[in-house]
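*Asks:* Just a sequence and a predicted model for now, questions to come.
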Amino acid sequence: MRLAIADPPYLGRANRWYGDGRGAGRVRSDGGGSGRNGRKPDHHPEARVWDDPASHAALVEQLAAEYDGWAIAGHATSTALLLAAAPEGAQLAIWSRPNALPGGARVVNAWEPVVVYVPRPRRDRATGLRVRDLLVASVRPQGFLGSKPPEWTRWVLDMLGYDPAADELVDVFAGSGAVASAADGMLPLVANSGMEATR
Ligand SMILES: C[S@@+](CC[C@H](N)C(=O)[O-])C[C@H]1O[C@@H](n2cnc3c(N)ncnc32)[C@H](O)[C@@H]1O
């Protein structure tokens with residue numbers, strides 16, 4: 001089966017974190033180093049397209065059209081947007097982050113949504129490993145803003161029923177390479193399908 005994990009920039013933070021917005025080109029306080037020409041290693045001049053809600057909705061539709069199973073990550077505030085764009089059969093899973101730092105909002109966010117579309121033949125409990133739709137795992141500073149801990153990738157792959165012998169896995173936003181690293185040994189994995197290059 002064709003599976004995809006899409007972990008795009010958070011809506012509203014894309015240009016600030018990865019593009020030419022505030023902080024561009026600086027070494028970050030989370031341990032991230034600067035890349036060539038003093039730029040952040042994950043600098044994307046076109047990152048601002050991910051500050052447009054329509055880009056996230058279009059990505060959900062593209063995943064639904066092109067893959068048998070997929071998962072898309074987001075921020076709590078984009079949950080409604082992601083679910084509205086998702087097809088029947090998609091479901092919401094929650095990543096609870098005990099060590100999440102409070103942002104500027106009054107209601108302190110401690111979780112992130114993952115909208116997951118489990119391949120239809122892998123939904124019955126007799127078809128494989130049982131897995132909860134809730135993960136509690138701390139964020140680990142890895143030098144890349146938005147990078148996911150290895151438990152996150154394994155959890156998402158378990159929900160998708162990932163079978164390295166039978167599946168092709170596309171990591172749509174490679175970033176730090178955390179998804180590829182966590183899936184290492186479970187290859188084949190195709191990093192970066194080029195989907196984002198079309199945006
Ligand atoms: C939420 S992070 C997650 C990445 C990855 N899953 C990880 O754990 O490191 C989103 C990533 O999207 C990348 N990104 C930002 N704008 C992009 C663009 N226009 N095209 C491709 N990638 C982009 C950033 O470099 C960032 O690493």
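*Replies:* Ah, there it is.
*Asks:* Near the ligand, which residues of the chain? Just list them.
*Replies:* Residues of the chain lying close to the ligand (CB under 6 Å from any ligand atom) are 7-9, 14, 18, 42, 44, 46-47, 50, 144, 146-148, 173, 175-176, 178-179, 196. No exception for glycine: its C-beta is placed from N, CA and C like everyone else's.
*Asks:* let's go with 8 Å and repeat that
*Replies:* Taking CB under 8 Å from any ligand atom as the criterion, the neighbours of the ligand within the chain are 5, 7-10, 14, 17-19, 42-44, 46-47, 49-50, 73, 142, 144-148, 152-153, 171, 173-179, 192, 196-197, 199.
*Asks:* Drop anything exposed from the residues you listed.
*Replies:* Restricting the residues of the chain next to the ligand to buried positions leaves 5, 7-10, 14, 17-19, 42-44, 47, 49-50, 73, 142, 144-148, 152-153, 171, 173, 175-176, 178-179, 196, with burial counted as 16 or more other CB atoms under 10 Å.
*Asks:* In helices, which of the residues you listed fall?
*Replies:* Assignment to helices by DSSP state H places the following of these there: 14, 17-18, 152-153, 178-179.
*Asks:* hang on, Val115 packs against Val60?
*Replies:* Yes: contact status for Val115 versus Val60: in contact at 7.2 Å, counting by CB atoms under 8 Å.
*Asks:* just to revisit the earlier point, so which two of the ones in helices among the buried ones among the residues of the chain next to the ligand are the farthest from each other?
*Replies:* Longest distance between any two of these is 21.2 Å, between Ala14 and Thr153; criterion CB to CB.
*Asks:* can I get the ones in helices among the buried ones among the residues of the chain next to the ligand in CSV with distance to Pro87 and pLDDT?
*Replies:* Below are these laid out as CSV (distance: CB to CB, whole Å; pLDDT from 0 to 100):
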residue, distance to Pro87, pLDDT
Ala14, 25, 94
Trp17, 29, 90
Tyr18, 28, 92
Trp152, 23, 95
Thr153, 23, 95
Ala178, 27, 83
Val179, 23, 82
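*Asks:* which residues are contacting the helix or strand hosting Ala58?
*Replies:* In this assignment (DSSP states H and E), Ala58 forms part of helix 53-66. For helix 53-66, the external contacting residues (CB atoms under 8 Å, 6 or more residues apart in numbering) are 2, 4, 6, 8, 11, 49-50, 70, 72, 74, 78, 81-82, 84-87, 90, 115, 117, 172, 195, 199.
*Asks:* Give me the buried entries from the residues you listed.
*Replies:* Buried among these (16+ other CB under 10 Å): 4, 6, 8, 11, 49-50, 70, 72, 74, 78, 81-82, 85-86, 90, 115, 117, 172, 195.
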